[in-house]
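Chemist: the following comprises the amino acid sequence and a computationally predicted model.
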Amino acid sequence: MAKHDRTGRQHRQWLEEARKYQKRGDLEGMLSALLRLPPPLREELLPSGAALLRQSVRENHRRGSWRTLGTQAVHADAEPGLVERGAAPEEAWATYWPLVWAAGRARDWERARRLWRPLTDPARAHAPLLARAMEGWLSSEGSPSPELIAPALEHLPPVDPLLGIEPPSQRVSPPPPRSLEEVEGALLALCALEPFPVFASRAEAWARSSPAEVARAIWELAGQLAARELWLRAAEGKGHAALSEPASLLAWAVREGGAPETLSAPTSQALRVVAAGLGRTVVSRIEDAESLCTLAQAAALQPSAQPWVVQAVSGLRFEGAALPRALGLYQELLARSANAPLWARAFLAWCELNPEAPNAPRWLQEGLGRLVAMGASSLLSWLGGAVPSERKELIECVASTCAPDLVESWVEVCWEGASEELRRELSEAVRILLDRSRMKQGGRKLERLLHGARDMEDAARMLMEVEGAMEQVYSSMRLTGDGLRIWRRFAPRVLTFQVEFLEEAVRHASSDAEAWDVAVRYLEAHPGNTGHLEALRTMEVCGREALARRILERWLERRAPHVLALAEAVVAAGGMNTPCKYLHPVLEAFMRASSEQLPALHAPVVEQARALAHEHGYRLRKRGASRKKKAASTTARRASRSKKKPESSPPKAGSPEEGEESS
């Protein structure tokens, strides 16, 4: 239940953020929050978000900002309503067109094909040759056959000089290298003659069409030139977006070239430059995450650089639009290295991106399995040094979404070396496992119940009838099967940490003596008023009223005749809505002690206790009229009177039945 409460709060926070950015006209901020919401909660802001996106796509297309269009293609692919909501078909088609090209230029072919689908029918109807050429370009991933492209090119109108369009100037472009000896000269000439984007695409084409040995040499030198370009741009103070092009080529060269040793140091240095350019440890923009993750994945291909890369990535936190890209990086790094901080950061990122997912992905669970097999030292190190809120979220998320046997092993291996506070938090994982067992057991019962429904209306009526009582039924359900096994495994260790465990122990106790033993153990760990009230309520709920009375007697015995302690007990009992049959004895003990206390206490807690006693009809008996003091003439008479004073019986507190007595 805690997981669902946290999910609801997170959804409300994202919705408020999206509304805030929508009022400011900040499209990127709005989409970052909007796309993290589940689809039903997006409806409120989709029309305004779609209008902002379509306008931005038009402006970026006119300026030729293809990198920004590539990011917007990701958004449109994740939520098609951002293109189509509130738009005429022609306007939606005009928006999809540059997004398809942006995804293709980024070599994101799967996304480009998905964005092309809404354009397929209108393109085939109005421009069949163009549709055929586009489909060939997409299906061949940028290398269509001339037979598909030529018919469309033949139908292009001739260049009209009156429009001011000049024919392209003739440029000398070096030919591709045919041997190892020609690689250096050809690539250096290409780098000097062409802009860097052209150089990158041409070098890639050369490598793909060359023999394997020549291709490796091309990738190696292209990677070195890309690293040089990245450092030059960084030295000139260009923005982080300007570093993405050389970073992408460098990473691509490392991968395609088989991770040559000569590119290991340049890649690690480039990763440092990009990470330093962020200026912070939180990455939320997809543009920043793309270059950083691409370089990190490439650098990790070198075994010597892996430890540093893992440590560097573990120190960063991704959020918002950067989360999907970060998860790809986490998955690739965890496949090569079992690292507790990296795994914890990956699990928290996945949980933030998928708050309602019932099961964690296989690669995260396998990563936890490897860490458990290695021992508790690395896991305890991260848990002990983590921010309390992150540690709590990780424990809840792992216990809610991982396989129960894996969670059991995780708690088991961490328990021995954990501090008392960490054990308390780990006990929450055991509670969640027990709740999952009950939900599974209750789900089977509900399935059997609905199996007898005559139709859908009858099933809906049954669900309405049982929905309100399901939580109470689950909480009081006796554990069976795996749930009972889990309880028996962890009961001795977790009993004192949560009252839910005391309830479980009492529910499974075979006798009053066994139930009393677990209650005494719980009270030794929680000797205060709250602990006694929790134990008392547990016995009452489990139908052991005799033990509830016994706990009440023990509680009062340890606090009488101290007025302040009894007053605190009264206030605690009233605050926890204790039934009157247990509250009234506490009130009576307090009033009796208060009447015997001279002089009377006036502490705030005492006044609160008296007010509560007054509400329940308890009054102090009025004392008899005080004897008039006579003038004491001798010391002996004063001493005699002081000796007689203790012989008078102390006043008694009246019960609600006796009422207030007059003097």
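Modeler: All right, it came through fine. Since the model is a prediction, treat every value here as computed from it, not as a measurement. Numbering: from 1, shown residues only.
Chemist: so where's the stretch 151-300 of the chain shaky on pLDDT?
Modeler: 153-173 (pLDDT under 70).
Chemist: list the contacts for residue 574?
Modeler: Counting by CB atoms under 8 Å, 6 or more residues apart in numbering, residue 574 makes contact with 583, 612. C-beta: built from backbone N, CA, C; applies to glycine.
Chemist: in this structure residue 116 contacts residue 138, no?
Modeler: Yes: using CB atoms under 8 Å, residue 116 is in contact with residue 138, at 5.9 Å.
Chemist: now do the shared contacts for the two.
Modeler: With CB under 8 Å, 6+ apart, residue 116 and residue 138 have common neighbours residue 100.
Chemist: helix/strand/coil for residue 322?
Modeler: Using DSSP: H, G, I helix; E, B strand; the rest coil, the structure places residue 322 in helix.
Chemist: what sits against it?
Modeler: Contacts of residue 322 (CB under 8 Å, 6+ apart): 283, 284, 285, 286, 288, 289.
Chemist: mind checking which of those residues land in helices?
Modeler: Assigned to helices by DSSP state H, the following of those qualify: 286, 288, 289.
Chemist: ranges for the strands of this structure?
Modeler: Along the chain, the segments classed as strands by DSSP state E run 282-283, 317-318, 619-620, 653-654.
Chemist: list the contacts of the second one.
Modeler: Okay, so that is strand 317-318. Contacts for strand 317-318 (CB under 8 Å, 6+ apart): 281, 282, 283, 284, 289, 325, 326, 345, 349.
Chemist: ok, the last one to residue 321 distance?
Modeler: This means residue 349. Applying CB to CB, to the nearest Å, the value for residue 349 to residue 321 is 12 Å.
Chemist: rewinding a little: will you turn the ones in helices among the contacts of residue 322 into a markdown table that also has distance to residue 296 and neighbour count?
Modeler: Shown next, in a markdown table, are those (distance: CB to CB, whole Å; neighbours: other CB atoms under 10 Å):
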| residue | distance to residue 296 | neighbour count |
| --- | --- | --- |
| 286 | 15 | 21 |
| 288 | 12 | 23 |
| 289 | 10 | 24 |
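Chemist: which stretches in the stretch 301-450 of the chain count as helices?
Modeler: Along the stretch 301-450 of the chain, counting by DSSP state H, counting those that start in this stretch, helices occupy 306-314, 323-336, 340-353, 362-374, 377-385, 388-401, 404-415, 420-451.
Chemist: hmm, back to that, mind putting the contacts of residue 322 into TSV with distance to residue 533?
Modeler: Converted to TSV, these look like this (distance: CB to CB, whole Å):
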residue	distance to residue 533
283	48
284	46
285	51
286	52
288	52
289	51
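Chemist: ok, those vs residue 507, which is closest?
Modeler: Ranked by distance to residue 507 (CB to CB), the contacts of residue 322 are led by residue 284 at 46.8 Å.
Chemist: need phi/psi at the closest one.
Modeler: phi -120, psi -20 (degrees, to the nearest 10).
Chemist: could you check the pLDDT of the nearest residue to residue 79 once chain neighbours are set aside?
Modeler: With sequence-adjacent residues excluded and distances taken as CB to CB, 6 or more residues apart in numbering, residue 79 is closest to residue 35, at 6.0 Å. We have a pLDDT of 79 for residue 35.
Chemist: report the contact partners of residue 35.
Modeler: Residues in contact with residue 35 (CB under 8 Å, 6+ apart) are 42, 75, 78, 79, 321.
Chemist: and the third one, how many neighbours?
Modeler: Okay, so that is residue 78. 14 (other CB atoms under 10 Å).
Chemist: phi, psi of residue 305?
Modeler: Dihedral angles for residue 305 - degrees, to the nearest 10 - are phi -90, psi -10.
Chemist: also residue 176?
Modeler: For residue 176, the backbone dihedrals are phi -70, psi 150 (criterion: degrees, to the nearest 10).
Chemist: contact partners for it?
Modeler: 186, 205, 206, 209, 210.
Chemist: for it, give its distance to residue 552.
Modeler: Taking CB to CB, one finds residue 176 at 92 Å from residue 552.
Chemist: which residues touch the residue nearest the centre of the chain?
Modeler: By CA atoms, centre = their mean, the mean C-alpha position of the chain lies nearest to residue 352, the distance being 3.2 Å. Residues in contact with residue 352 (CB under 8 Å, 6+ apart) are 10, 319, 323.
Chemist: and the least confident of these?
Modeler: residue 10 (77).
Chemist: which one is that one nearest to, not counting chain neighbours?
Modeler: residue 355 (5.8 Å).
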